[in-house]
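> Need coordinates for the below:
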Amino acid sequence: MPLDAICLYAVKEELSGLITGSKIDKVQQPESDMLILTLRGGTGTCRLLLSAGSGDMRVHLTSYKFDNPASPPMFCMLLRKHLTGAKIAAISQPPAERLLVFELDTVDAMGVISRKCLIIELLGRLSNIILVDADGIIIDCLRRIAGEFNDKRIVLPGLVYRYPPAQEGKVDPYEVSIDGWRDLYHESNRAQTSERTADTWLLSSFSALSPLICRELSWRAYADAGIRIGAVTDGGEALCREFFKLIGQVKSGEYEPFIISDEIKSPRDFSYTRIQQYEGVMDVDVETDFSSMLDKFYTLKARRERIRQRSSATLKIVKNARDRIIRKLSVQQEELKKTSERERQRQCGDLIMANLHGMRKGERTLVAPDFYSDNGLFREIPLDPLKTPQQNAAKYYKEYTKAKNAEKYLTELIRDGEKELFYLESVTQEINMAESEQDLVDIRGELSQTGYIRTGTGAQGSKKRVESTPMRFLSSSGMQILAGRNNNQNDRLTLKTAMKSDYWLHTQKIHGSHVIISCEGAEPDDTTLLEAAAIAAYYSDARAGGKVPVDYTQVKNVKKAPGGRPGMVLYTQYNTILARPDEGLAERLSCR
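Numbering: from 1, shown residues only. As a prediction, the model looks like this:
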């Protein structure tokens, strides 16, 4: 769901009560289309995120920390000059517009107090962040929009700021009357075919409504989110009733932040009213506030997308190595199948030696009784006419010995190759689960250690790498739960950090993190055990599935696999429980 005007109004009301009166302490621009304002006020320090990205435009407080570029962009430098120390006097929103105005009291170089406005426009690909002075003149903007981009509006420094033009043909839902709504419904649909759906009519007729809300109103009215106008038998009265009921609730401040999640608790949508149209297909949960809702939906999702993009080169190296091993294993397994015929080579040698008395050099075949056959059949054995009978027998014995040795070496090579393939698949899982740039640095360090990436040379290559710490969680009963981020960290966590009496968990025969319950000599309660198992399931290859088996045992029963790659261990005396991957639980218990 895009952040529509009504949801943005709810965000504005929430922010007004939290940050009005706060002062801007820092201005950062971690990405080309994102600003982070660090605020200090009566409620302490907080960070306000302003994003003008076409796919994740939003405004909210954030709990996430962002890495800053080595040198700040020019727009960031300008904002620091004008806004550092500024006080947020008020936050406003034009009616039914996806636009917020932050009114700021600033002090110029001469000590004179003046009013400036920081305006964020959430308009899709034309989203923008604009700084305006007290006279309404644009000081600068994130995106400079000239005539070739938008022939209806120009946004450039030095020009008078004007609000974006209203959407043509759309009615303000706050201003329309019931009679006006009915007239619009009948007039609009008189010329339309009966194939038009009720939600598309709402979306095309009214501003401030998102597609999700339009479908929801259709569902509430007719229990069908995609009902067609031709199937509506009451002249749209039920739709009219639900429309004004929703608008009335919004006007009276009756809205709450709802997050819509799929079966693995991954956020899929959000709203300011409870969504009923999914009927148990997805979970709809209320969040503590709108900032938490938007932070959960956008920031985490955007961070994962950035990590996915940055990990593509490393993932390609691992996949290429994995594909090479798969091809090599296929060839080796075919060669191993051929060695199963070696007994026939030895038998041919024995038959030749048993019939030497009747053989002469130059013969091309030997047909002799096969004493290895239960039925006393004859066997035809090809011979080399240039070799003596003894030499032909020696050739068959040599091929037998060669095949016997090949079986031994091929079996070892295949076993080692399968271990290496298992390891590379675990690294692939690590990359897919990476949540930060530091996670990727650790994985690249592991690949360098195992020889898949060349170690850098020179000053940069000789720098000591800072290793990250395991993910930390706190169970509902107060026990600490730790989870490794990569194979090296799994080894350190299980074999060095954890106490022998702690409990170790891992998905059964599935790549995933080592999870440790720090018991401090006590037995973990059932709730902690189930929560740790859900975390182990979530940070594994089974993240997108249903319930998965998770093995658990005390750390003292876990040993390093002899000659094994990082992260590979052996364990005994374990029990198994079924757990469902739960992102919501992992987020709730996380100690960031």
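
> Can you pull the domain assignment for the protein?
5-141, 178-306, 320-429, 471-589 (automatic domain parsing).

> Beta-bridge partners for residue 36, please?
residue 28, residue 49 (DSSP bridges).

> Count the residues that sit near residue 94.
Neighbours of residue 94 under the rule other Cβ atoms under 10 Å: 13. (C-beta placed from N, C-alpha, C; glycine too.)

> now the helices: where do they sit in the stretch 1-150 of the chain?
Using DSSP state H, counting those that start in this stretch, the helices found in the stretch 1-150 of the chain span residues 5-19, 74-83.

> picking up where we left off before, just send the domains of the chain back as JSON lines, with mean pLDDT and distance to residue 448 too.
Formatted as JSON lines, the domains of the chain follow (pLDDT from 0 to 100; distance: least, Cβ to Cβ, whole Å):
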{"stretch": "domain 5-141", "mean pLDDT": "90", "distance to residue 448": "22"}
{"stretch": "domain 178-306", "mean pLDDT": "87", "distance to residue 448": "23"}
{"stretch": "domain 320-429", "mean pLDDT": "89", "distance to residue 448": "12"}
{"stretch": "domain 471-589", "mean pLDDT": "92", "distance to residue 448": "11"}
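
> residue nearest the centroid of the chain?
With distances taken as Cα atoms, centre = their mean, the residue of the chain nearest its centroid is residue 304 (4.4 Å).

> Single out the most deeply packed of the helices of the stretch 1-150 of the chain.
By mean neighbour count, with neighbours taken as mean count of other Cβ atoms under 10 Å, helix 5-19 ranks first of the helices of the stretch 1-150 of the chain at a mean of 20.

> CA-only coordinates of that helix in CSV, if you can.
Taking Å, rounded to 0.1, in the frame of the first residue of the first chain, the C-alpha atoms of helix 5-19 are listed here in CSV:
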residue,chain,number,x,y,z
ALA,A,5,-3.1,11.0,2.3
ILE,A,6,-5.3,9.6,5.1
CYS,A,7,-2.5,7.4,6.5
LEU,A,8,-0.1,10.3,6.1
TYR,A,9,-2.5,12.4,8.2
ALA,A,10,-2.4,9.8,11.0
VAL,A,11,1.4,9.9,10.8
LYS,A,12,1.4,13.7,11.0
GLU,A,13,-0.9,13.7,14.0
GLU,A,14,1.4,11.2,15.8
LEU,A,15,4.6,13.1,14.9
SER,A,16,3.1,16.4,16.0
GLY,A,17,2.6,15.1,19.5
LEU,A,18,6.1,13.6,19.7
ILE,A,19,8.6,16.0,18.0
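
> packing partners for that helix?
strand 44-51, strand 58-62, strand 87-92, strand 99-107, helix 237-251, helix 290-294 (3 or more Cβ pairs under 8 Å, 6 or more residues apart in numbering; DSSP states H and E).

> tell me the angle of it relative to strand 87-92?
150 degrees (axes from the mean of the first three to the mean of the last three Cα atoms, to 10 degrees).

> Phi, psi for the residue lying closest to residue 152 once chain neighbours are set aside please.
Setting aside the residues directly before and after it, residue 152 is nearest to residue 165 in space (Cβ to Cβ, 6 or more residues apart in numbering), at 5.5 Å. Main-chain dihedrals, residue 165, degrees, to the nearest 10: phi -60, psi 150.

> swap in residue 365?
According to degrees, to the nearest 10, residue 365 has phi -140, psi 160.

> I figured it was touching residue 383, is that so?
Yes - Residue 365 sits in contact with residue 383 when judged by Cβ atoms under 8 Å, with a separation of 5.9 Å.

> Which of those two has more residues huddled nearby?
Applying other Cβ under 10 Å to residue 365 and residue 383 shows that residue 383 carries more neighbours, namely 22 against 10.

> host element of the residue nearest to that one when sequence neighbours are not counted?
Spatial nearest neighbour of residue 383, excluding adjacent residues (Cβ to Cβ, 6+ apart): residue 392 at 5.0 Å. Here residue 392, judged by DSSP states H and E, is contained in helix 389-433.
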